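Visitor: here is a sequence with its predicted model. Questions after.
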Amino acid sequence: MTTVLPAPVSADAPAEERRSRITSLERSDRIYRSVLRASGVAVLTVMGLVGLFLAIRGGEALHKGGFAFLTTQAWDPDAGNFGIAGVLVGTILIALVAIFFALPLSVGTALYISEYAPRKLQRTLISIVDLMAAVPSVVYGLWGLFFLQGHVQGLARWISTYFGWIPFLQVDGVDRDNALVDVTVYGSSAFIAGMVVALMVTPIACSVMREAFMQAPAGEREGAFALGATKWGMIRSVVLPFGKGGIIGGMMLALGRALGETIAVYLIISIVFTIQPDVLHAGAGQISSLIALRFGEASQFGLSALMAAGLALFLMTLVINFAASSVVARSRSGAESD
Amino acid sequence: MTRARPLALYVLAALTLGLVLAGAPQSANAGTPVPISGAGSSWSANAIDQWRRNVNQFGLRVNFVSTGSSDGRNSFKNNTVDYAVSEIPYGLNDNGVADPPPSRGFAYMPIVAGGTSFMYNLKAAGKRITNLRMSGDLLTKIFTGVISRWDDAAVKAENPGLALPARPIVPVVRSDGSGTSAQFTLWMSKQHPDLWNAYCQKMGRAVPCGQTSNYPAKAPFLSLAGSLGVSGYVSQDKNEGTITYVEESYALNTGFPVVKLLNKAGYYVPPDGRNVAVALLGATINADLTQNLVGVYDNPDKRAYPLSSYSYMIVPTKIEGPINANKGYTLGKFAKYFLCEGQNSALELGYSPLPKNLVQAGLDVVKRIPGIDLADADITKSCDNKTFSVPGGIAKTAPFPPECDKRGGPTQCTTGTGGAAKTPTPPKTGGSTGGTTGGTGGATPGGAAAGGPAPTPLPGTAPNPAGGIPTPGIVPGIVPGTTTAVDPDTGLPLPAANTANTGDVAAVPTAIGGGTGSGFSTVLVFLAGMLFCGLVIGPPLAARRLAAQRDEAP
C-alpha cells in the first residue's frame, strides 16, 4: 500500500490537498458555524444597540448637564439641577457591601460542595443553591424589608458604636447616652440593602467557583496527598490556586449583578441623591432604583436624564463584566473550562 | 415509586387542562364588559381596591395599580391606561414645571373624599400613645425639620396629658411622585408659607415653593415609595418615633393611631369620615369639578378636619387610544357602582362618602364616557346610595368634639384615634370611625394600642381594606365560592370581600351568580400559584434527576 501511493502523487498535488483541507468543510459544519457566528454577532449587536439607544435618548440630558452630570448631587431634571454623583457612589457602596458578604459565603459554600460534601448531599446542595438563584428578587426585597431589617438594625448599631472610628462605619446624629434607642437611623441603609443583594448574588458566584474547584486536576490532588498534605493543605496548595480565576471571575460577575439589582434595593433603601459614605446610616442611593422610582412619572426631559443615568450604569457594568471574563479566561481553570 | 411520579404528573396536567377548558366558556358568557385597567393614587387605592373586588361579582374586571398620582396622570397621558386616579389635576406648577394636560379627551370625576392623616408610632413607658394632638404650625415644623424631638416643649404644650419620650422625630415622606405629598405641601404652602418656603430653600428648591408631588427630603427624614411603603415602615413595631402622612384608611388597616389636628375653631379633630365631610362643606368646586380647598383649611366649624380633600378619577371622553366602546361601557358600570353603592362602605374603609350634589355631578361626567349604558348615568335608576337618605348629608351626623379636645384645656381626651381607636377584638381590627367622642378622663385605653397586634410585621405587603369592617354574624368561609383570606394583622381568617359589607351603612348584595365567577378566579389563582411554584422548584429538581440518571447509566 505505502509503496503504491507515492507514485501518482505529482509535484502540485500536495499543495492542492492542503488547500482543500483548509477551505472545504462539510455542509453541516458550515451551517453550524454560520449559525454560531450569527448568534454571536446578534448578541454583540443587541448590546451595541442598547448602548446606542441609551446614548441617543440620554443625549439631550447629557448635553444640557455636561460634565456637571457626573458631579451634581441632586435629581431635579426639570429644574435643570441633576447629576449622578450621589447615586453612583451609592450604587458602588451597595455593591461593595454585597461583595463583602457574598465573597466568604460563596467561596465557603463552593468549597464545601466541591470538596467536603458527601456525593448524595452534593447534588442536593447544588439544587438548593440553584433554587436560591431562582427566587424572584422582589421576594428577597420584601423579606429584607419586613424581616431582615428589623433584625439587623441592632447589629448595625453595635458596629457603629464600637467601630464608628472607621470613617464609613460611623453614624451621625445619634445620642448614645439616650436610653431610648432610635433604630430608624440604622434602617433603610446601604448596609441592609447590600446584605440582601449579597444573598441574591451568592448563587451565581458559588456556581462559577464550584465549577472551577471541581476541575482541579486529580493528579495534582493525589500528588499533594502523596506528599503528606492534609485535606485543607491540599485545598490550599492545589484547589484554591487552581480556582483563583474562578473566584475572581465569580466575584466580578456577582459585582456586575449587584450593581444592577433593582427591585430589592428599591424596596429597602430610603433614596438620597447626595453622597452618603456612611453605609450603616439610613439613606442610600442607587442608579437602577432611581430609574425604577422616577420612570413612571418622568417628563420628556426627566426620561432623558434617567436614560443618561442608565447609560452610566450600563458602561460601568460592561467594564466590570469584561474585566471578569478576561480574568477567568486567563486563569488555568478558566482556560480549561472554556 | 419512580414510575408513579410521572403518572401523578400526567394526572395533574390533565386535571389542570380540564379545569381551564371547563372554565373558559364561563368567562366568555360575561358579554360586553371587558377588562379595563387604571393606575394612580395610592391615597384612594384602598377604596378602589374594595370597589373593584365588589364589582367582580357582576362580571366586571377592573384592574388598578397604586403607583402614585403622578404616575397615574403620566400613564393616562401616554395612553397606557384606560383611566387614572389622581389627587390633583393636570396643569399645576410643580417646582417650576407645569404638567401639561393630555391631548386625549378627558374629564375629572370625584370618587371619594378623605382626610390626609398623620400616622405615628410612638410609645411612652412601653405603652403606645394613641391620642396625640397637634396644631398645623407644629405639624409643619415637624415636617420641615424645625422641631426634631418628641419631647420638645412645643409638642408638650399641645399634649398636656402625655408623657412624651425623649426620642428624635423621624418624618417618613414619599419618595415617588404622590398626590398625598401634593395635598400636604399645598396645605403647608397656603397655611404656613414662611416655614415651608424656608425649608424648600434649604433643600435647594426655588422659592416660593408652592405644592409639589416630590417631597424634598434628606436625613434624618426617610423617603420611601408608595402609601404602603411609608405606612408599612411606620407600622413596624421597632420603628418608634416615626410619623408619616397617608389617607386614614392606611392607619385603620395597620392598626395605628393618627394625629388629631387643630382646626380654626380651636378643637383637635381626628380625620374621620364625618369630620372630613363637615370640613369639605367649605370647599369650592370649579366648573371642571376640581376643588379649591382654601375654605376647607379655614372652615370655622368645630368638627372640621382641616386637611380634607376629594380624590379624582380621570376618565376618557373620546374613543381614541386604548379606549373602545366596550371599555367605556365597563368604566361606566364601574363608575355607577362606586358613585352609588360604593359610597356606602366609604366610612368603614376610612374615607368619607361624596355628598349628593357631587354624586350627581359625577354621574353627569359618566354621561360623557363613550359607550356607556345611559341608565348608568341616571341617579334615579338603581342608585343604592344610603348616604342620600341621611337628612342633610353625612356631615349632619358628625359628632361635636368633646370639650377635652379644646385647645388650651388642662388635659386631653384619652380615647385613641385611627386604627387604634377600639379594643383589639380580632374581627374588628382597625375599629370604625365612631370612637372619637369619648373623654372619660381615665388612662389611655391599654388595649387600644394593639389595634393590630402584628407578630409578623407584614401589614405593608398585603393590605386588606376589609380589615376595618366589622362583620357581625358572618362565619368566614361559608359563602360558596369565596376564598378565606387571612388578615395580615391578626392572623385570623377574614370573610371574603363580597360578604364584608354587612354593617349598618353598607349593604352589598351577595349575588349567587357571582359565586361561580369568583370560584373560577380562585381556581385560576390557585393554578397560577402552582405553576409559579413549579417553575421555581421544577428546573433544579429535573436537573438533579437527569444527572442522577446519567450517573446510573454507565
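Guide: Received, thanks.
Visitor: by contact count, what packs against the strand or helix carrying residue A:121?
Guide: According to DSSP states H and E, residue A:121 maps onto helix A:119-134. Counting contacts by 3 or more CB pairs under 8 Å, 6 or more residues apart in numbering or on different chains; DSSP states H and E, helix A:119-134 is packed against helix A:190-214, helix B:513-552. (Each C-beta comes from the backbone N, C-alpha and C, glycine too.)
Visitor: next, format these as CSV and append mean pLDDT and mean neighbour count.
Guide: Formatted as CSV, the helices and strands packed on helix A:119-134 follow (pLDDT from 0 to 100; neighbours: other CB atoms under 10 Å in any protein chain shown):
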stretch, mean pLDDT, mean neighbour count
helix A:190-214, 92, 26
helix B:513-552, 77, 13
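Visitor: tabulate these (JSON lines), appending distance to residue B:153.
Guide: Formatted as JSON lines, the helices and strands packed on helix A:119-134 follow (distance: least, CB to CB, whole Å):
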{"stretch": "helix A:190-214", "distance to residue B:153": "35"}
{"stretch": "helix B:513-552", "distance to residue B:153": "54"}
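Visitor: if we can go back for a sec, what residues of the next helix or strand after the helix holding residue A:121 count as buried?
Guide: The helix or strand immediately downstream of helix A:119-134 is helix A:137-143, counting by DSSP H and E. Judged by neighbour count (16 or more other CB atoms under 10 Å in any protein chain shown), helix A:137-143 contains these buried residues: A:137, A:140-143.
Visitor: could you do stretch B:292-302 as well?
Guide: Buried-residue list, stretch B:292-302, by 16+ other CB under 10 Å: B:293, B:296-297, B:299, B:301-302.
Visitor: ok, residues contacting that stretch?
Guide: Stretch B:292-302 has contacts (CB atoms under 8 Å, 6 or more residues apart in numbering or on different chains) with B:186-187, B:190-191, B:263-265, B:267, B:269, B:278-286, B:304, B:306-309, B:400-401.
Visitor: mind listing which of the residues you listed are in helices?
Guide: Among these, the members found in helices (DSSP state H) are B:186-187, B:190-191, B:278-279.
Visitor: just the buried ones from the residues you listed, in PyMOL syntax?
Guide: Provided next is the PyMOL selection string for whichever of the ones in helices among the contacts of stretch B:292-302 are buried by 16+ other CB under 10 Å:
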select buried, chain B and resi 186+187+191+278+279
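Visitor: strands of the stretch 151-300 of chain B, residue ranges please.
Guide: B:170-174, B:222-224, B:242-247, B:260-262, B:268-269, B:284-285, B:291-292 (DSSP state E, counting those that start in this stretch).
Visitor: as CSV, those with mean pLDDT and distance to residue A:289 would be great.
Guide: Formatted as CSV, those follow (pLDDT from 0 to 100; distance: least, CB to CB, whole Å):
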stretch, mean pLDDT, distance to residue A:289
strand B:170-174, 92, 15
strand B:222-224, 88, 11
strand B:242-247, 93, 20
strand B:260-262, 92, 33
strand B:268-269, 92, 38
strand B:284-285, 87, 39
strand B:291-292, 88, 34
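Visitor: of these, which is nearest residue A:111?
Guide: Closest to residue A:111 of those, according to CB to CB: strand B:222-224, at 39.1 Å.
Visitor: contact partners for residue A:135?
Guide: Per CB under 8 Å, 6+ apart, neighbours of residue A:135: residue B:536.
Visitor: give me phi/psi at it?
Guide: phi -70, psi 130 (degrees, to the nearest 10).
Visitor: any idea what residue A:284 is bridged to?
Guide: Beta-bridge partners recorded for residue A:284 (DSSP bridges): residue A:271.
Visitor: doesn't residue A:271 make contact with it?
Guide: Yes: in this structure, residue A:284 is within contact of residue A:271 by CB atoms under 8 Å, at 7.2 Å.
Visitor: tell me which of the two has more neighbours.
Guide: Shown here are residue A:284 and residue A:271; by other CB atoms under 10 Å in any protein chain shown, residue A:284 has more neighbours (30 against 27).
Visitor: contact partners for that one?
Guide: So residue A:284 contacts A:90, A:93-94, A:188-190, A:193, A:265, A:269-272, A:276 (CB under 8 Å, 6+ apart).
Visitor: returning to what we had before: dump the ones in helices among the contacts of stretch B:292-302 into a markdown table; add pLDDT and distance to chain A as well.
Guide: Shown next, in a markdown table, are the ones in helices among the contacts of stretch B:292-302 (pLDDT from 0 to 100; distance: CB to the nearest CB, whole Å):
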| residue | pLDDT | distance to chain A |
| --- | --- | --- |
| B:186 | 92 | 18 |
| B:187 | 93 | 21 |
| B:190 | 91 | 22 |
| B:191 | 91 | 25 |
| B:278 | 90 | 33 |
| B:279 | 91 | 29 |
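Visitor: so who does the nearest residue to residue B:155 once chain neighbours are set aside touch?
Guide: In space, and not counting its chain neighbours, residue B:155 is closest to residue B:164: 5.9 Å by CB to CB, 6 or more residues apart in numbering or on different chains. Counting by CB under 8 Å, 6+ apart, residue B:164 touches B:122, B:124, B:129, B:150-151, B:155-156.
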